[in-house]
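Q: sharing a model prediction with you, sequence too.
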Amino acid sequence: MGLIALFDLSGLDGHTDPEQATIHLADGAEFSELHNHRLREDGGRLVEIGVDEVFFALLRLMAQRRLVLSDARIGREIQARLRLAPSAARETESHGLAVDSCQMAATGQGAVIGWFMPAQASAEPLCALAVADESIVPVEMLADSMARADLSGYAPRYRFTGHDGYCGGWRFSDPPKGAARLLLMIPGDDFRPGVWVPVETVPAADLARQVTRATLGIEDVADRSRLRRAMLPPILPVPRLAAPGETAHQRGDTLLILDHDLADSDLRDVLRHVEPHLPGRLSLQLLRARLSPVLQSAVDGAAREATVGLHLHGVSLSMTQPEVMPDRVIFARSSTLFQFDPGPIFAPRSARPRVTLLDPIGTVLATPDAQAERFVRDLLPFVLSMPAAPFFALLDQVPDCFLTEEARLRLLAEALILQGAAELDRADIHCFFEGRTGPHCESFPDGRDWHAFDAQSRQLIEEASA
């Protein structure tokens, strides 16, 4: 008779390294030592030679987070075996399952929403795995979490509770290169892998809108946080500024990454406002999904008037690194840039990063911790200016898990403030107005805009990692 033993080493003393531990299997009075390489290799052997029932049970343990097999080779073997596995039926005598939406953003964050009704109650939960490339990740499933009174017509064929809706979230550690699929595993069906569901890739904002709508239907507030948290990284790394290298000849070229939160026609005035203070050519990257005719006309008009040269680098909601590196990068919202004094912002001063904050009454306190805390807590309007090479090097250290690039740059600016690596300037504007135009100001079903959505995402990550 074959034996499969699953080891849970999470209960070991915190100072114990499982890689260095000696593990013995007791059989009566006899002990057999299990070498570390067996613990690493036998998971792959089980995937390779285990019968279907054992293999599918292994997948369920992974989906329920009771077993972690993170080796890339094992992922490839699981993928190869699943490629030939047929999909179970969505509706049988024993169950009915539907998927209302199954979507994923290009960053690897995804969510599934639907309903499930078994014919008989089961202690085993509905669980799922997300599969893409050579990655397999468990889905945080919230079964029976959403009210679905509209399913009463399926009773008495299936067990109707009125809360038969489910939702789930996941995140791949690296953005998938190919198509993704979801494997929904039916409780009690031990001889088939489950129901295969194709995952639709959608813009991140569309996914956020769908998730927001779903969370409003979840009655348990704690479960709402679980869904959002499942789509986020477990921790936010702290960007570290490397030691400055040798400074090349400065041409004065600037890349302006602009979140234009004013009317399209106001873009020309914003560019006119900063043009006299430019030390060299200006490349403009607009954080917009598309270039409207009015925006195009505004850029063309400003380019004709510019004395040092101005051209449009790109239009996208994501920042892109130019092929030819400029001397420095400046990020701002249009409303902020139009009201702050552009002279100090664009002046060729020291090579240190510089953060300019709105602080009309001087309440940004003296210590770096207090400065950073209020900067993040109150979402203070800011402008970030720093040399281009370290800017993009730091940006690579910040995970792409937010809707807006401003959320990533706020994390970057906070790290610079805490490390004392940035010059901090105050802008004392008493009648500051915030721009309310552009995609980042659009509201989701719960009333939050993109910036508030990102602020909540960051709060959930920090609460989970505290």
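A: That came in fine, so what should we check first? Quantities reported herein were computed from a predicted structural model and do not represent experimental measurements.
Q: okay, and for the stretch 51-200 of the chain, where does confidence drop off?
A: 70-71 (pLDDT under 70).
Q: tell me which stretches of it form strands.
A: 95-104, 109-118, 127-132, 135-138, 140-146, 165-171, 180-185, 195-198, 200-201 (DSSP state E, counting those that start in this stretch).
Q: same list, these, but as TSV with distance to Ala372 and mean neighbour count please.
A: From N, CA and C alone the C-beta is placed, and that goes for glycine too. Output for these, formatted as TSV (distance: least, C-beta to C-beta, whole Å; neighbours: other C-beta atoms under 10 Å):
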stretch	distance to Ala372	mean neighbour count
strand 95-104	33	20
strand 109-118	26	23
strand 127-132	35	24
strand 135-138	32	20
strand 140-146	31	21
strand 165-171	26	25
strand 180-185	37	22
strand 195-198	43	16
strand 200-201	35	14
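Q: dump those strands into a markdown table; add distance to Gln20 as well.
A: As requested, the strands of the stretch 51-200 of the chain are exported to a markdown table (distance: least, C-beta to C-beta, whole Å):
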| stretch | distance to Gln20 |
| --- | --- |
| strand 95-104 | 39 |
| strand 109-118 | 36 |
| strand 127-132 | 31 |
| strand 135-138 | 28 |
| strand 140-146 | 32 |
| strand 165-171 | 31 |
| strand 180-185 | 35 |
| strand 195-198 | 41 |
| strand 200-201 | 43 |
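Q: show me the one of the ones you listed that comes nearest Leu358.
A: Minimum separation from Leu358 across those (C-beta to C-beta) falls at strand 109-118, 30.9 Å.
Q: for that closest one, packing partners?
A: strand 95-104, strand 140-146, strand 165-171, strand 180-185, helix 204-216 (3 or more C-beta pairs under 8 Å, 6 or more residues apart in numbering; DSSP states H and E).
Q: which parts of the longest one are buried?
A: Of the residues in helix 204-216, those with enough neighbours to count as buried (16 or more other C-beta atoms under 10 Å) are Ala204, Ala205, Leu207, Ala208, Arg209, Gln210, Val211, Thr212, Ala214, Thr215.
Q: verify the contact between the third one and Ala105 for me.
A: It stands for Leu207. Yes. Counting by C-beta atoms under 8 Å, Leu207 touches Ala105, with 4.8 Å between them.
Q: and for Leu403, the neighbour number?
A: By other C-beta atoms under 10 Å, the residues close to Leu403 number 23.
Q: which residues touch it?
A: For Leu403, the contact set (C-beta atoms under 8 Å, 6 or more residues apart in numbering) comprises Ala204, Ala205, Ala208, His440, Trp450, Phe453, Asp454.
Q: tell me who's in contact with the second one.
A: Remark: with contacts taken as C-beta under 8 Å, 6+ apart, Ala205 is in contact with Leu403, Pro439, Glu442, Trp450.
Q: the last one contacts Ser457, doesn't it?
A: No. Taking contact to mean C-beta under 8 Å, the distance of 10.5 Å between Trp450 and Ser457 leaves them out of contact.
Q: next up, phi/psi of the nearest residue to Gly178 once chain neighbours are set aside, please.
A: Nearest residue to Gly178, sequence neighbours excluded (C-beta to C-beta, 6 or more residues apart in numbering): Asp133, at 5.5 Å. Backbone torsions for Asp133, taken as degrees, to the nearest 10, come to phi 50, psi -120.
Q: list the contacts of Asp264.
A: Contacts of Asp264 by C-beta under 8 Å, 6+ apart are Ser292, Val294, Leu295, Ala298, Thr437.
Q: quick one: it from Leu394, how far?
A: Distance of Asp264 to Leu394, computed by C-beta to C-beta, to the nearest Å: 31 Å.
Q: in the stretch 351-466 of the chain, which spans are strands?
A: 354-358, 382-387, 423-427.
Q: how far off helix 204-216 does the longest helix along the chain point, in degrees?
A: Longest helix in the chain, counting residues (DSSP state H): helix 450-465. On the basis of axes from the mean of the first three to the mean of the last three C-alpha atoms, to 10 degrees, helix 450-465 is oriented at 60 degrees to helix 204-216.
Q: I'd like to know which elements helix 450-465 is packed against.
A: Here helix 450-465 touches helix 204-216, helix 221-230, helix 405-418, going by 3+ C-beta pairs under 8 Å, 6+ apart.
Q: can I get the ones you listed in JSON lines with distance to Arg65 and mean pLDDT?
A: Converted to JSON lines, those look like this (distance: least, C-beta to C-beta, whole Å; pLDDT from 0 to 100):
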{"stretch": "helix 204-216", "distance to Arg65": "21", "mean pLDDT": "95"}
{"stretch": "helix 221-230", "distance to Arg65": "11", "mean pLDDT": "91"}
{"stretch": "helix 405-418", "distance to Arg65": "28", "mean pLDDT": "94"}
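Q: out of the ones you listed, flag the one nearest Arg60.
A: helix 221-230 (17.9 Å).
Q: quick one: buried residues of the closest one?
A: Result for helix 221-230 [16+ other C-beta under 10 Å]: buried residues Asp223, Arg224, Ser225, Arg226, Leu227, Arg228, Arg229, Ala230.
Q: which single one of these is nearest to Asp100?
A: Leu227 (14.4 Å).
Q: that closest one: what's it in contact with?
A: Contacts of Leu227 by C-beta under 8 Å, 6+ apart are Ala111, Glu140, Leu142, Cys167, Gly168, Gly169, Val211, Ala214, Thr215, Ile218.
Q: try 7 Å this time
A: Contact analysis of Leu227 by C-beta atoms under 7 Å, 6 or more residues apart in numbering lists Glu140, Leu142, Cys167, Gly169, Val211, Ala214, Thr215, Ile218.
Q: now it, nearest residue through space, not along the chain?
A: Gly169 (4.9 Å).
Q: the helices and strands packed on strand 109-118: which one's closest to Asp428?
A: Of all the helices and strands packed on strand 109-118, helix 204-216 comes closest under C-beta to C-beta, at 34.2 Å.
Q: got the angle between the closest one and strand 165-171?
A: Using the same axes, to 10 degrees: helix 204-216 against strand 165-171 is 140 degrees.
Q: quick one, helix 204-216 and strand 140-146 angle?
A: For helix 204-216 against strand 140-146, the angle by the same axes, to 10 degrees is 50 degrees.
Q: just the CA trace of helix 204-216, in CSV.
A: Extracted C-alpha coordinates of helix 204-216, given in CSV (Å, rounded to 0.1, in the frame of the first residue of the first chain):
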residue,chain,number,x,y,z
ALA,A,204,-7.2,47.4,-14.4
ALA,A,205,-9.9,50.1,-13.9
ASP,A,206,-12.6,47.8,-15.3
LEU,A,207,-11.5,45.0,-12.9
ALA,A,208,-11.5,47.4,-10.0
ARG,A,209,-15.0,48.5,-11.0
GLN,A,210,-16.2,44.9,-11.1
VAL,A,211,-14.6,44.1,-7.8
THR,A,212,-16.1,47.2,-6.1
ARG,A,213,-19.5,46.2,-7.3
ALA,A,214,-19.0,42.7,-6.0
THR,A,215,-17.9,43.9,-2.6
LEU,A,216,-21.0,45.9,-2.2
